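> could you look at this predicted model? Sequence included:
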Amino acid sequence: MTNAERLEESNVVRNKEDEGSLSQEPGVKRSKTGSVLQEVLATDIFEPKSTEVLREEYRTNGPYAHLQLKSLFCTEFLLSVKEEIKSQTKVNFKESDLFRVYQSIDLANLKPGSDIAAQLPNVMKLREVLYSQEWRSYIEKLSGLPPSTLVDKVDCACNCHAPGCHLLCHDDVIGTRKVSYIIYLTEQDWKEEEGGALELYGNQKDDPISDSESTPVPLARAWPMFNSMAFFVVKPGESFHAVQEVTGDRPRLSLQGWYHAAEPPKDIQNATLQQLKAGAQNSNGTSLQVAFQQEGDTEFSDSDKEYLSAYLKPEYLSEESLNEIQAKFESDSSVQLRNFLLEKWVPTLDSRQNKKKSANTMDHYREGVSSEWQLRGPAHKQRFLEYHPQPATTDCKVIGSMLQHIKTKVFESPIFARYLKRLTSLEQPTGVKGATIRRFRPGLDYTVAHYGLLVSESVLDATLCFVRDEDEEDKAAWEYGDVGGFECYIEADDDEEDGNEAAAEYNEDDDTELLSVSASNNTLSLVYRDPGTMRFIKYVGSSAPSSRYDIAMEYQVPPGEDDDENEGENDENEGENVVAKS
């Protein structure tokens, strides 16, 4: 009995059990599709015993049900598919806060009989199988979905994850997507140390610090084995997954897409996309962590200069420099001050030891985690280490303690508030809304832009960054952004999206970039952020020269007279106070 006949027999038995008949559906060409199935499939997975084993494996896999079918297609056929894609299609580079990828052909746009289809005969055969009623029914059976759950709407595109490419944590729930799948076209001798694994995460909650129920660390991984297909049912707030960065020298080629249902899921409000576009009201009402006394003289004085001279380079305290910085900030609403602190306050960052360190163990994700440096999530919004000083830690030579000292003695002081007023010509900050010491580890950490970051009133962001950039090669890596680690400001999209409208996985046109600040050692970045602006720290790649450390401050600034007069105009042109990309 052929594979196609086994699948047909399986469908007939199942249709009798469910009082339906797939063979009676219009437009289904059994003989043609069955012939293609027989031609391209390599295994006996349609045997009833095999099917039951696979269903049980799917059901029991964690952290949520999923399955990876191995040795699925005839090897020579899939190699031909791969060769056609490589030789007959082009790739487009795409990057956002969530991903870095080269996207190739979209199989949904291939029209039988077209010139491009004629150049891709094996790709068209594979598409016929993936889009067929028979295959959709088989996926339904393995994943425990009721018959006819998957409609004839299918997405499929080719993605190339070159070295350094990645896709951060999300749940795939958009519109009517029901089953997510990926077919790996990697090299047949792909090794785990080359990365590119499918990472599966547990539930992600908005806890201040991750706990055992909400860890920003994957709980399972599926490696990108050639001629295998991984799939799972997408569920709002549950099917969290990511594509690990490709750390080797070879690209990770795959076909990825979704099977759709007739209707969106019932709990779509719990989906990642909805979570990222909600919660702005939570940050708008944030109370001050530090309040500054507004009594007495608010002008920056000589005694203030004397105090700060113990920390800041002399050039940032001279009247000439203060005037130049103020003019720059008044013009652009942002400024970057390089070599800001005295050398004694600049932590020494060693070059990343063992850059080729394998990331194929789960210990990799907890690198550097301690009682002081705590892992912060949830993974669909952020992952980094946050510093929490311990009573016994007072040595300022230790990087965490040193940054804590600078944060407390400088950034949270009323003197620095007066200094910021002098630098920016804004009203004097009334307090600190947010103050965090962070470490972004290479190959692991990031933040994602989301609406929970929006503020109801403009704030002044002050971020002091530390990275290793002692030689020109390291400086170039940070400056050009290839290793990530830069801070990016984007304008929030106020347009309401149709919840039933499926969107592309890699959509880089949702937001407008306003400002990008490269990671630079001992550099203070000041940005006046409007209510309609979000920001993120781009994923730090595994080839980065070091971790990115920073002190991230958010100051509450009273509106000035110009802000009050132009309030209506600002409502119509949110984000204009932020300088264009530099």
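Great, that's in hand. Numbering: from 1, shown residues only.
> what are the ranges of the strands in the stretch 201-350 of the chain?
Assigned by DSSP state E, counting those that start in this stretch, the strands in the stretch 201-350 of the chain fall at 220-222, 228-233, 241-243, 252-260, 290-291, 334-337.
> looks like Phe292 contacts Glu427 (just checking).
No - assessed by C-beta atoms under 8 Å, Phe292 is found out of contact with Glu427, at 11.6 Å. The way it works is simple: take the backbone N, C-alpha and C, and place the C-beta from them, glycine included.
> between these two, which one's more packed in?
Ranked by neighbour count (other C-beta atoms under 10 Å), Phe292 and Glu427 place Phe292 first, with 21 against 17.
> one step back: rank the strands of the stretch 201-350 of the chain by mean pLDDT and give me the bottom one.
With a mean of 89, strand 290-291 has the lowest mean pLDDT of the strands of the stretch 201-350 of the chain.
> what's in contact with that strand?
Contacting residues not belonging to strand 290-291 are listed as 412, 430-432, 435 [C-beta atoms under 8 Å, 6 or more residues apart in numbering].
> strand partners of that strand, parallel vs antiparallel please.
Note on strand 290-291: by DSSP bridges, its sheet partners are strand 431-440 (antiparallel).
> pLDDT averaged over the helix or strand that comes right after the partner strand, what's the number?
Using DSSP states H and E, the helix or strand that directly follows strand 431-440 along the chain is strand 446-447. The average pLDDT for strand 446-447 rounds to 97.
> equivalent analysis for stretch 128-140, please.
For stretch 128-140, mean pLDDT rounds to 93.
> show me the contacts for the residue nearest the centre of the chain.
Relative to the mean C-alpha position of the chain, the nearest C-alpha, by C-alpha atoms, centre = their mean, is the one of Leu98, at 2.9 Å. Residues in contact with Leu98 (C-beta under 8 Å, 6+ apart) are 167-168, 170, 448.
> do the same with Arg136
By C-beta under 8 Å, 6+ apart, Arg136 lies in contact with 150, 152, 154, 259.
> you'd agree it is in a helix?
Yes - with DSSP: H, G, I helix; E, B strand; the rest coil as the criterion, Arg136 is part of a helix.
> secondary structure class for Leu69?
Three-state call for Leu69 (three-state DSSP): strand.
> quick one: it and Ala222 touch, right?
No - using C-beta under 8 Å, Leu69 is not in contact with Ala222, being 10.8 Å away.
> tabulate the strands of the stretch 201-350 of the chain in JSON lines, adding columns for mean neighbour count and distance to Leu444.
Shown next, in JSON lines, are these (neighbours: other C-beta atoms under 10 Å; distance: least, C-beta to C-beta, whole Å):
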{"stretch": "strand 220-222", "mean neighbour count": "17", "distance to Leu444": "14"}
{"stretch": "strand 228-233", "mean neighbour count": "22", "distance to Leu444": "22"}
{"stretch": "strand 241-243", "mean neighbour count": "25", "distance to Leu444": "11"}
{"stretch": "strand 252-260", "mean neighbour count": "24", "distance to Leu444": "18"}
{"stretch": "strand 290-291", "mean neighbour count": "16", "distance to Leu444": "30"}
{"stretch": "strand 334-337", "mean neighbour count": "20", "distance to Leu444": "25"}
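> who wins for proximity to Glu187 among the ones you listed?
Glu187 lies closest to strand 252-260 among the strands of the stretch 201-350 of the chain, at 8.7 Å (C-beta to C-beta).
> just want the angle from the closest one to strand 228-233.
30 degrees (axes from the mean of the first three to the mean of the last three C-alpha atoms, to 10 degrees).
> so which elements touch strand 252-260?
Under the contact criterion of 3 or more C-beta pairs under 8 Å, 6 or more residues apart in numbering; DSSP states H and E, strand 252-260 touches helix 75-88, strand 154-161, strand 177-184.
> ok, 10 Å please
Using 3 or more C-beta pairs under 10 Å, 6 or more residues apart in numbering; DSSP states H and E as the contact test, the elements touching strand 252-260 are helix 75-88, strand 99-106, helix 121-131, helix 133-143, strand 154-161, strand 177-184, strand 228-233, strand 241-243.
> any low-confidence regions in this protein?
1-34, 206-214, 279-286, 295-296, 351-360, 392-396, 494-511, 561-582 (pLDDT under 70).
> at 50 what do you get?
Along the chain, segments meeting pLDDT under 50 span 1-31, 208-213, 280-284, 353-356, 496-504, 510, 568-582.
> residues contacting Val398?
347, 372, 404 (C-beta atoms under 10 Å, 6 or more residues apart in numbering).
> please verify my assumption that the last one contacts Thr436.
No - here Gln404 lies out of contact with Thr436, judged by C-beta atoms under 10 Å, at a distance of 11.1 Å.
> between these two, what contacts are shared?
By the contact definition C-beta under 10 Å, 6+ apart, Gln404 and Thr436 are jointly contacted by 387, 551.
> part of a helix, is Ser148?
No - counting by three-state DSSP, one finds Ser148 to be coil, located in no helix.
> count of neighbours near it?
Look at Ser148: counted by other C-beta under 10 Å, it has 17 neighbours.
> surely it and Tyr259 touch.
No - counting by C-beta under 10 Å, Ser148 does not reach Tyr259; the two are 11.9 Å apart.
> which neighbours do the two share?
Listed as contacting both Ser148 and Tyr259 by C-beta under 10 Å, 6+ apart are 136, 140.
> all helices of the stretch 301-450 of the chain, in order?
302-308, 319-332, 399-406, 414-424 (DSSP state H, counting those that start in this stretch).
> can I get these in CSV with distance to Gly237 and mean neighbour count?
Compiled in CSV, the helices of the stretch 301-450 of the chain are given as follows (distance: least, C-beta to C-beta, whole Å; neighbours: other C-beta atoms under 10 Å):
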stretch, distance to Gly237, mean neighbour count
helix 302-308, 47, 15
helix 319-332, 40, 14
helix 399-406, 33, 20
helix 414-424, 40, 22
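> dump those helices into JSON lines; add distance to Trp478 as well.
Compiled in JSON lines, the helices of the stretch 301-450 of the chain are given as follows (distance: least, C-beta to C-beta, whole Å):
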{"stretch": "helix 302-308", "distance to Trp478": "27"}
{"stretch": "helix 319-332", "distance to Trp478": "21"}
{"stretch": "helix 399-406", "distance to Trp478": "18"}
{"stretch": "helix 414-424", "distance to Trp478": "24"}
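> neighbours around the closest residue to Met534 other than its chain neighbours, how many?
Spatially, and ignoring its direct neighbours in sequence, Met534 is nearest to Ala449 (4.1 Å; C-beta to C-beta, 6 or more residues apart in numbering). Using other C-beta under 10 Å, Ala449 is surrounded by 24 other residues.
> nearest residue to Phe411 in space, please, no chain neighbours.
Nearest one to Phe411, counting by C-beta to C-beta, 6+ apart, is Met553 at 5.1 Å.
> so what's the one you found bridging to?
Ala435, Ala462.
> OK, contacts around it?
Shown in contact with Met553 (C-beta under 10 Å, 6+ apart): 289-290, 407, 410-412, 416, 420, 429, 432-436, 459-464, 524, 526.
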